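In: Sequence and predicted model, in that order:
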Amino acid sequence: MILETERLILRKLEDTDAERMFLMDSDPEVMKYLGTPVKTVEESKEIIKMIQKQYEENGTGRWAVIEKESGLLIGWCGLKLLKEPINGYVETLDLGYRFIPEFWGKGYAWEAANATLKYGFNELNAETIYAFADAGNKGSNYILTKMGFENTGEFEDSGVKCSWYELKREKYI
């Protein structure tokens with residue numbers, strides 16, 4: 001599976017992406033709203049294996065985002081099938097994204113998320129796609145509302161106040 005935008009390629013994560021994943025997930029600024037930064041490349045390898053398993057079991061998952069110009073993995077974006085309840089939802093598609101800080105503020109998250117949403121609605125035939133973000137994460141909350149997601153409430157996830165978002169097919173297309 002490969003999706004392409006003007007500046008990006010979205011593809012399945014590969015074992016060779018571990019170093020760039022580590023660069024991203026070990027950065028305290030990246031992980032500020034997400035949890036504890038990883039400490040080793042081995043942890044990043046395990047995360048990639050977990051995501052690869054999601055591809056096999058669920059037919060979808062987070063994808064590597066590659067900047068065409070540099071050929072570098074700059075983050076990930078994709079749809080994850082929620083298998084454990086989050087905010088009471090399960091067996092639903094959750095949009096997520098994460099980028100290396102030097103690529104923040106360049107529109108890459110919006111570009112990758114937009115391609116991912118098109119895939120979710122057009123190829124996976126989703127009626128609704130969900131997303132959530134730490135209520136304090138202004139950047140992610142801004143991107144989700146810019147994409148057309150509706151903030152439908154707040155909930156706590158592991159003691160953290162999060163905003164819950166929904167985007168219905170008819171509102172997107």
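Out: Nice, I can see it. Numbers count the residues shown, from 1 in each chain.
In: When you work out contacts or count neighbours from here on, use the C-alpha atoms and nothing else.
Out: Will do.
In: So residue 75 sits against residue 23, correct?
Out: No - counting by C-alpha atoms under 8 Å, residue 75 stays clear of residue 23, with 9.8 Å between them.
In: Quickly list what's touching both of those two.
Out: Shared contacts of residue 75 and residue 23, defined by C-alpha atoms under 8 Å, 6 or more residues apart in numbering, comprise residue 100.
In: tell me the contacts of residue 17?
Out: Contacts for residue 17 (C-alpha under 8 Å, 6+ apart) come out as residue 73.
In: The same query, at a cut-off of 10 Å, please.
Out: The neighbourhood of residue 17, defined by C-alpha atoms under 10 Å, 6 or more residues apart in numbering, consists of 44, 45, 48, 64, 72, 73.
In: Next, it: phi, psi?
Out: Dihedral pair for residue 17: phi -90, psi 0, per degrees, to the nearest 10.
In: now residue 3
Out: With angles defined as degrees, to the nearest 10, residue 3 sits at phi -110, psi 150.
In: Report pLDDT for the residue lying closest to it once chain neighbours are set aside.
Out: Spatial nearest neighbour of residue 3, excluding adjacent residues (C-alpha to C-alpha, 6 or more residues apart in numbering): residue 10 at 4.9 Å. With respect to pLDDT, residue 10 has a value of 98.
In: since we're on residue 70, how many residues are nearby?
Out: By the criterion of other C-alpha atoms under 10 Å, residue 70 has 9 neighbours.
In: That one: what secondary structure?
Out: coil (DSSP: H, G, I helix; E, B strand; the rest coil).
In: list the contacts for it?
Out: Contact partners of residue 70, counting by C-alpha under 10 Å, 6+ apart, are residue 7.
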